[in-house]
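A.B. asks: quick one, fold the following:
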Amino acid sequence: MASTSVKKSLHEIIDKIEDAELLDLHLKLLQKEADKNFFSTTDDEMIARAEQSMKSVKEGKTRSIKSFKEEVNQWKRNQTM
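C.D. replies: Numbers count the residues shown, from 1 in each chain. Take a look at the predicted model:
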């Protein structure tokens, strides 16, 4: 679905919701997503992520590329519901 269609659908749904608390929760969720920016990650955050990744590898917490692709495909299937 094109982003234009998604936005139109969201506007239509939002216009029907009267519960201010529910709208506020959705607003906060959308704002949090909109505020995420990979390029705003600090050097310290990137180093911490890399260190955590290396720790996971050393602990044997890895998976095959096949397993990863299957997980991604499953996630994609669940997103269209």
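
A.B. asks: report how many residues lie close to residue 26.
C.D. replies: 15 (other C-beta atoms under 10 Å). Placement of C-beta: from N, CA and C, glycine included.

A.B. asks: same check, this time on the one 4 residues further on
C.D. replies: In terms of burial, residue 30 registers 11 neighbours under the definition other C-beta under 10 Å.

A.B. asks: got the contact list for the lowest-mean-pLDDT helix or strand in the chain?
C.D. replies: Least confident element among the helices and strands of the chain, by mean pLDDT, DSSP states H and E: helix 20-35 (a mean of 84). The contact list for helix 20-35 (C-beta atoms under 8 Å, 6 or more residues apart in numbering) reads 14, 17.

A.B. asks: CA atoms only for that helix, dumped as CSV, please.
C.D. replies: Taking C-alpha atoms only, helix 20-35 is exported to CSV below (Å, rounded to 0.1, in the frame of the first residue of the first chain):
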residue,chain,number,x,y,z
ALA,A,20,-9.0,11.5,23.8
GLU,A,21,-6.9,9.2,25.8
LEU,A,22,-6.7,6.7,23.0
LEU,A,23,-5.8,9.4,20.5
ASP,A,24,-3.1,10.7,22.9
LEU,A,25,-1.6,7.2,23.1
HIS,A,26,-1.5,6.9,19.3
LEU,A,27,0.0,10.4,19.0
LYS,A,28,2.8,9.5,21.4
LEU,A,29,3.5,6.3,19.5
LEU,A,30,3.7,8.0,16.2
GLN,A,31,5.8,10.9,17.6
LYS,A,32,8.2,8.4,19.0
GLU,A,33,8.6,6.7,15.6
ALA,A,34,8.9,10.0,13.8
ASP,A,35,11.6,11.1,16.2
